[in-house]
Structures are given as C-alpha cells and as structure tokens.
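Student: sequence plus the predicted model coming up.
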Amino acid sequence: MTIHALTSPSTARAATGRRRLLAAGATLALAALQALAPAHAEGQPYRLLVGFPAGGGSDAIARVLADKLKDELGAPVLVENKPGAGGQLAAQALKTAPADGHTLFLTHDHTVSILPLVVRTPGFDTARDFVPVAGIATFVNALAVAPGTPAKSVGDWVQWVKGPGGGKGAVGIPAPASVPEFLVKVLAQKYGLDLVAAPYRGSAPLMADMMGNQVGAGIASIPDFIEHHRQGKLRVVAVLGPGRQPALPEVPTLGELGLAGFEETPFYGVYAPAGTPAPQLATLGQALAKVVAQPEVRERLTAMGLNVGWQSGTQLGQRERAYAAGWARIIKASGFQPQ
C-alpha cells in the first residue's frame, strides 16, 4: 500500500520559508561570532615592544628590524616604546598581550636575565610568561667619558677622578640594579675610587647628560655610545668582552687593563607571549632569520656595534639561562639584596 504525504501546497511553502529563516539566522549568528573573535586578517599590524625611550640603542635596532620585517611578514611592524624600570614595563605589557604572534618584544639581557635577579617582584617570569623567538646579535658594554673630561684613557679618567680638579665620581648607567651598576662597583674597588652609580631611565637621557657634561662618565652598551663617539661628542675608553670590538678596534678591553672576569657577552633577542602557537613562532623566527641575513641589515647593525648572528628560539633560551646563572653568582658574591 502506498502512503501519500498529506501536505498541502501552502504548508510546503511555509516549511520552505521556515528553512530559509533558520538558514539566515545561522548565517547571522556565525557572523556575530566571527565579529567577537580576535581579528587575524591578513595585513594585521605587528607590535614590536621596546623597553627604552626613542633615540636609544635598543630603539634604533628595533626600527632597523621593523623596517625589513614588514616585507617578510606582509604587514606593518610598529615599534612601540614603553620606557621605564629597565624594560620592566614593556615586559609586563608582553605578558598580558594576546598570544597570537602579533606582539613581540625586542630586548637585551638586562630585562629578561638581570631584572628577575635584582627585583623581588618584577611582575613577570621570563621562563613562564615568555617564549624566545630568535636571537639576533650579541654586544658588549663600554665605559665612556664626557667631552668636558680631559681623560683620553681609563688611566686618565682614574687620575682625573682622584685629582683636585676632578671629584666627579658619578657614573651614569641606563637602569638601576643593572650590569653597568655592578661594573661601577668593580671599577671603584679596582682603582680605589669613590664612585656613585647614577641611574637613568634608559640610555637616551644618559647620553644627553654626558654630552652636556652633567655627568663625567657612563657605562652602557656600544650601540648606545658608538655614533656619539664617532662624532666626538664623548669618548669610549674601554670595552668589556673577550676581545676588541670590530666597530672600535682602537679601544682596549677591560681585560687588557687588568680587570678580568667580564668576558661573557650580553645579547639581543626577540620574545613573544607564552602560549603563542608553534606555527606562528616558526614563521616569526624564519622572518627574523631572513632579515638578519640581509647584507644591508648586517651592515647597519654591525655599524651600531653589534656582533650580528641569528639564533633559534631554543638557542636564545639556552643563552639567556646561562647568562642569568653566571650573573646570579656575581650578584650574590657582591652582597646585593633584591629590592
């Protein structure tokens, strides 16, 4: 026996209308959910955080990278300066940023390795809150003197500080409780000087005060000093590290001057928030590798006093941990208490 559907034409039309309404509602719901979800459209800008003011060495390096990264990533890369507390504010901003691969942090050793050793509550944990993307270079710190200081060498500077016409024992440093501050203590002990570390909010204001002869000497990175040195606006008189630097071959190392133990080289690296997907990290690491390999970029970074060399995220993480462990021993031996 055949059973015929008991559906009238009007009922069929009504059912069709209901199906269309349901389909339209589903489409609108999907659109609403997509609008609420984080945007990942092609061409979405990237943020490159820097923990120091515009005009300093870290800022200059970030802008060289950002200019070339935009071509590799197919989107603008915006340098965002968040100066303060030795990079602590920028690190905290990275910690709270979405882990979508669009927020990065260019930093050197001080923020990720030293701050956690000298600050009780830095507001971040390098191992827990960040993931290393790639290392781009190493560098060394240096001692420089202001243009109004008659010193042409470390020996001259020591005699000037000790002499009756000197007495200006303040040494500027880019951040408190930093490697340069511990170097001030070492120099004071080595040469019998009454030195005081004068902390600044980054290298740019330190450079300004040195060139204005407001402070007689300073310790910072070669990228901070090098252009001012070349222009005669201040004088680099010694560098740290295992050997003389290609950008300043005429400047002796502290080791040559009898002050050994500071051969370990600090580094610059790029970090992302913890939880950033592995494919995103791989894309970012490969983009940085291509940028750092460009002759123009290598030339510009080398001219800033960097020893350019890309490292994978894994290698950067290993370097950071080893560097932190080495300085933990030095800081503990100095008697410094975290503040």
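Tutor: Right, received. Where do you want to start?
Student: now do the contacts for residue 314.
Tutor: residue 132 (CB atoms under 8 Å, 6 or more residues apart in numbering). Placement of C-beta: from N, CA and C, glycine included.
Student: separation between it and residue 268?
Tutor: According to CB to CB, to the nearest Å, residue 314 and residue 268 sit 17 Å apart.
Student: same check on residue 111?
Tutor: For residue 111, the distance to residue 268 - CB to CB - is 11 Å.
Student: these two - which one has more neighbours?
Tutor: Regarding residue 111 and residue 268, a neighbour count based on other CB atoms under 10 Å identifies residue 111 as having more, with 28 against 24.
Student: that one reaches residue 87, doesn't it?
Tutor: Yes. The criterion here is CB atoms under 8 Å, and residue 111 meets it with residue 87 at 3.3 Å.
Student: any residues in contact with both of these two?
Tutor: Shared contacts of residue 111 and residue 87 (CB under 8 Å, 6+ apart): residue 51.
Student: now the helices for the stretch 51-200 of the chain?
Tutor: 57-73, 88-96, 109, 115-118, 126-129, 154-162, 179-191 (DSSP state H, counting those that start in this stretch).
Student: buried deepest among those helices, which one?
Tutor: Here the criterion is mean neighbour count by mean count of other CB atoms under 10 Å, and of the helices of the stretch 51-200 of the chain the winner is helix 109, at a mean of 25.
Student: which other residues reach that helix?
Tutor: Outside of helix 109, the residues within contact range by CB under 8 Å, 6+ apart are 179, 266-267, 320, 323.
Student: what about that helix, distance to the chain center?
Tutor: Helix 109 sits 8 Å away from the centroid of its parent chain (CA atoms, centre = their mean, to the nearest Å).
Student: give the next helix or strand downstream of the helix or strand that contains residue 308.
Tutor: Residue 308 is part of strand 307-312 when elements are defined by DSSP states H and E. Per DSSP H and E, strand 307-312 leads on to helix 313-334 as the next helix or strand towards the C-terminus.
Student: avg pLDDT for that following helix?
Tutor: The average pLDDT within helix 313-334 is 91.
Student: next one: stretch 188-205
Tutor: 90.
Student: and what of stretch 171-181?
Tutor: When pLDDT is averaged along stretch 171-181, the result is 90.
Student: first-to-last residue distance for it?
Tutor: In stretch 171-181, first residue to last residue: 9 Å (CA to CA, to the nearest Å).
Student: next, name the residue at the spatial heart of the chain.
Tutor: By CA atoms, centre = their mean, the chain has its centre lying nearest to residue 107, at 1.1 Å.
Student: measure that one to residue 304 for me?
Tutor: 16 Å.
Student: same deal with residue 277?
Tutor: Separation of residue 277 from residue 304 (CB to CB) stands at 32 Å.
Student: so these two - more neighbours on which side?
Tutor: The residue with more neighbours, out of residue 277 and residue 304, is residue 304; 22 against 12, by other CB under 10 Å.
Student: from residue 266, how far off is the more buried one?
Tutor: 14 Å.
Student: surely residue 130 and residue 274 touch.
Tutor: Yes. Between residue 130 and residue 274 there is a contact under CB under 8 Å: 6.0 Å.
Student: which of the two has more neighbours?
Tutor: Per other CB under 10 Å, whichever of residue 130 and residue 274 has more neighbours is residue 130, with 24 against 16.
Student: within the sheet, what are the partner strands of the longest strand seen in the chain, with directions?
Tutor: In the chain, with assignment by DSSP state E, the single longest strand is strand 130-138. Sheet pairing of strand 130-138 (DSSP bridges) gives strand 267-273 (antiparallel), strand 307-312 (antiparallel).
Student: extract the C-alpha set from the first one and format it as PDB.
Tutor: As requested, C-alpha coordinates have been extracted for strand 267-273 and formatted as PDB (Å, rounded to 0.1, in the frame of the first residue of the first chain):
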ATOM      1  CA  PHE A 267      72.600  39.600  23.800                       C
ATOM      2  CA  TYR A 268      69.600  41.000  22.000                       C
ATOM      3  CA  GLY A 269      66.700  38.700  21.300                       C
ATOM      4  CA  VAL A 270      63.000  38.700  20.400                       C
ATOM      5  CA  TYR A 271      60.300  37.200  22.600                       C
ATOM      6  CA  ALA A 272      56.600  36.500  22.300                       C
ATOM      7  CA  PRO A 273      54.000  35.800  25.000                       C
END
